[in-house]
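Chemist: heads up, no residue letters with this:
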C-alpha cells in the first residue's frame, strides 16, 4: 500500500524504518539467529510501505529472475559493474521484498543496484524501482505448492514487461517461455544461453500449439492471434564451446570464456550477465569478462569444505531442471556421493518432481540417500536401479563414505543446514 505523506513526514518515517531495521539486523546477528538479511527488511517494510521505492532513489537498477541461476547471474553482473561503479546487491540470495529492502538499506551509498528477484515478486519490485533492465534466464516448473503452474508466472512476467516498455530486457531465446515473456518487448536483447531442460516447453504458452524443434531452432505450429509465427528469435549474443559470439560493434571475434564455476548452465548465465553489463551499463568488454570469470563462490555453492577426513564438494539443486544440470556436474570418481533432500516450505513440500529427474544415469554408481525426505529419494533410486544406502542425517551420510572426496548434492534447506552443521563442527574443533 502506497501512502502519500508530506515529504518531511515520509523522510521521518523512512528514517524510523531504517533505524529499527538496523537494530533488528544487529540483534539477529549477535544472537546467532542469522545474517539478518530478512528480519531487517521485514521490519522496515512494515513501518514504511514506500521504503523500497524511497531507497531505490532513482538509481540504475538491474533485476535478474528465472527459475534457476538467479544468484549466480546476479553475482556475475554485480562483479562486472563493480569494475566501474559502486554496487548494491543481495549477494546472500534473499530475493523477495524483505531481502531486497535489506540490500537497498545496506547499499544506500552505491550508484547502481543489481538484484536477484523471485519470479512472483518481479512485477511489484519493477513497479517500485523502475529498473533499467530485466534479465530473464529460464522458466521451468518449481515448487508447485508455492509458485503454481509455470504458465501463470509467464503471463505475470509478460504483463510486467508490457507495463515497463522503457526497460531493456535481456532474454534467453532458447527458452520458449522466456521468449514468450519478451516477444513483444520494444527493447529486447536476445541471447542464446542454452536450454538443457525442455520438459516444460513442449507447447506455446500463448496458443497451446505444439513446439517443433530442429537443432537450435524451434517454432510453434499454431500461429499467434495476429497471424505471426511464434519462433525462436535470432540472438545477437550466444555461447558455444569456443566462447561468446557478441555483436560486431562490441567485438569482431568470438570472446573466449573460461569460468571458475562449472557447468554449461553457468556459461549461459555468464553470457546474459555480460550482455546486460556491456549493452545496458556500457562496461568495457575486457574488464567485464575478467570480472565474470573470477566469480568462484555463490553463497557456498560449488565450494569445498574440509571436514574431518573428507573434502566435501557442495552442489545445490532445487527443481527438475536444476537437478538435471547439477547431476551432470557430479564427479563420479569421488570417494563418495551423497544426495540430500528435504521437503520444507522453502524447498516445496511436493516432491513429485523426483520422478522427473533422470537418476537412471547413476545406475552403476553408489549413492547415499540422505535428508528429511531421504526415504522418498531412496524409493526413487530403487526404481532407477541405482545402488544406494539410506542414512537420514546428512553429516552421518558423509561419514559413511570412505575418507577422501565426497560430492554432496542437496536441495535448498538440506544444503543450508548441512553447510551450517559442517561449519559449526569445524569451528568447534579449531
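Modeler: On my side now, so go ahead. Because the structure is a prediction, the values reported are computed rather than measured.

Chemist: Could you say which helix or strand holds residue 114?
Modeler: Assessed by DSSP states H and E, residue 114 sits inside strand 112-116.

Chemist: Average pLDDT for the helix or strand that that strand is followed by, rounded please.
Modeler: Per DSSP H and E, strand 112-116 leads on to helix 122-129 as the next helix or strand towards the C-terminus. If you average the pLDDT over helix 122-129, you get 96.

Chemist: Also stretch 137-154?
Modeler: 76.

Chemist: Apart from its neighbours in sequence, what residue is nearest the spatially most central residue of the chain?
Modeler: The chain has residue 70 as the residue nearest its centroid, 2.2 Å off, counting by CA atoms, centre = their mean. Of all residues not flanking residue 70 in the chain, residue 116 sits nearest, at 4.0 Å (CB to CB, 6 or more residues apart in numbering). Bear in mind the C-beta positions are built from the backbone N, C-alpha and C, glycine included.

Chemist: Likewise for residue 56?
Modeler: residue 129 (4.4 Å).

Chemist: any idea how far residue 214 is from that neighbour?
Modeler: 39 Å (CB to CB, to the nearest Å).

Chemist: again, but for residue 392
Modeler: For residue 392 relative to residue 214 (CB to CB), the value is 46 Å.

Chemist: Equivalent analysis for residue 388, please.
Modeler: 39 Å.

Chemist: more neighbours, these two?
Modeler: Comparing residue 388 with residue 214 by other CB atoms under 10 Å, the one with more neighbours is residue 388, at 21 against 8.

Chemist: Next up, the contacts around the more buried one.
Modeler: 366, 367, 368, 369, 378, 381, 382 (CB atoms under 8 Å, 6 or more residues apart in numbering).

Chemist: give the contact list for the spatially closest residue to residue 100 that is not a sequence neighbour.
Modeler: Of all residues not flanking residue 100 in the chain, residue 115 sits nearest, at 5.6 Å (CB to CB, 6+ apart). By CB under 8 Å, 6+ apart, residue 115 lies in contact with 61, 62, 63, 64, 74, 89, 90, 95, 100, 103, 125, 129.

Chemist: Narrow the residues you listed to just the buried residues.
Modeler: For these, a burial check counting by 16 or more other CB atoms under 10 Å picks out 61, 62, 63, 64, 74, 89, 90, 95, 100, 103, 125, 129.

Chemist: Out of these, flag the one nearest to residue 317.
Modeler: Among the buried ones among the contacts of residue 115, residue 95 lies closest to residue 317 (CB to CB), at 17.1 Å.

Chemist: That closest one is in contact with residue 117, isn't it?
Modeler: Yes: with contact defined as CB atoms under 8 Å, residue 95 reaches residue 117; the gap is 5.4 Å.

Chemist: what residues are shared contacts of these two?
Modeler: Counting by CB under 8 Å, 6+ apart, the contacts common to residue 95 and residue 117 are residue 70.

Chemist: what about the helices in the stretch 201-350 of the chain?
Modeler: When secondary structure is read from DSSP state H, counting those that start in this stretch, the stretch 201-350 of the chain shows helices at 264-275, 285-293, 320-329.

Chemist: Out of these, which one sits most buried?
Modeler: Sort the helices of the stretch 201-350 of the chain by mean neighbour count, taking mean count of other CB atoms under 10 Å, and helix 264-275 sits at the top with a mean of 26.

Chemist: Which other helices and strands does that helix contact?
Modeler: helix 70-81, strand 168-172, strand 188-192, strand 237-240, strand 243-245, helix 285-293, helix 320-329 (3 or more CB pairs under 8 Å, 6 or more residues apart in numbering; DSSP states H and E).

Chemist: Any chance you could list what contacts the shortest one?
Modeler: It stands for strand 243-245. So strand 243-245 is contacted by 237, 238, 239, 254, 255, 256, 257, 270, 271, 274 (CB under 8 Å, 6+ apart).

Chemist: if I look at the fifth one, how far off is residue 288?
Modeler: Put plainly, it is residue 255. Counting by CB to CB, the gap from residue 255 to residue 288 is 10 Å.

Chemist: which sections of this structure are below the confidence cut-off?
Modeler: Where the chain drops to pLDDT under 70, the residues are 1-13, 17, 20-21, 23-38, 45, 143-148, 428-430.

Chemist: Provide the strand pairings for the strand holding residue 114, with the direction of each partner.
Modeler: Using DSSP bridges, the strands paired with strand 112-116 are strand 61-65 (parallel), strand 87-89 (parallel).

Chemist: Output those as TSV; include the columns distance to residue 309.
Modeler: Output for the strands paired with strand 112-116, formatted as TSV (distance: least, CB to CB, whole Å):
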stretch	distance to residue 309
strand 61-65	39
strand 87-89	37
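
Chemist: Would you tell me which of those strands gets closest to residue 22?
Modeler: strand 87-89 (15.3 Å).

Chemist: Distance of residue 262 relative to residue 295?
Modeler: Residue 262 is 12 Å from residue 295, by CB to CB.

Chemist: Please identify which of these two sits among more neighbours.
Modeler: Shown here are residue 262 and residue 295; by other CB under 10 Å, residue 295 has more neighbours (23 against 16).

Chemist: Now do the contacts for the more buried one.
Modeler: 72, 75, 76, 79, 259, 260, 261.

Chemist: Let's see that with 6 Å instead.
Modeler: 75, 76, 79 (CB atoms under 6 Å, 6 or more residues apart in numbering).

Chemist: now residue 382, nearest residue through space, not along the chain?
Modeler: Distances taken as CB to CB, 6+ apart place residue 388 nearest to residue 382, at 8.0 Å, with adjacent residues excluded.

Chemist: Tell me what the one you found is bridged to.
Modeler: In beta-bridge terms (that is, DSSP bridges), residue 388 pairs with residue 367.

Chemist: For residue 102, which non-adjacent residue is spatially closest?
Modeler: Nearest one to residue 102, counting by CB to CB, 6+ apart, is residue 41 at 3.9 Å.

Chemist: Are we agreed that the one you found is in a strand?
Modeler: No: checked against DSSP: H, G, I helix; E, B strand; the rest coil, residue 41 lies outside a strand; its state is helix.

Chemist: and it, how many neighbours does it have?
Modeler: 29.

Chemist: Distance check, it against residue 132.
Modeler: 22 Å.
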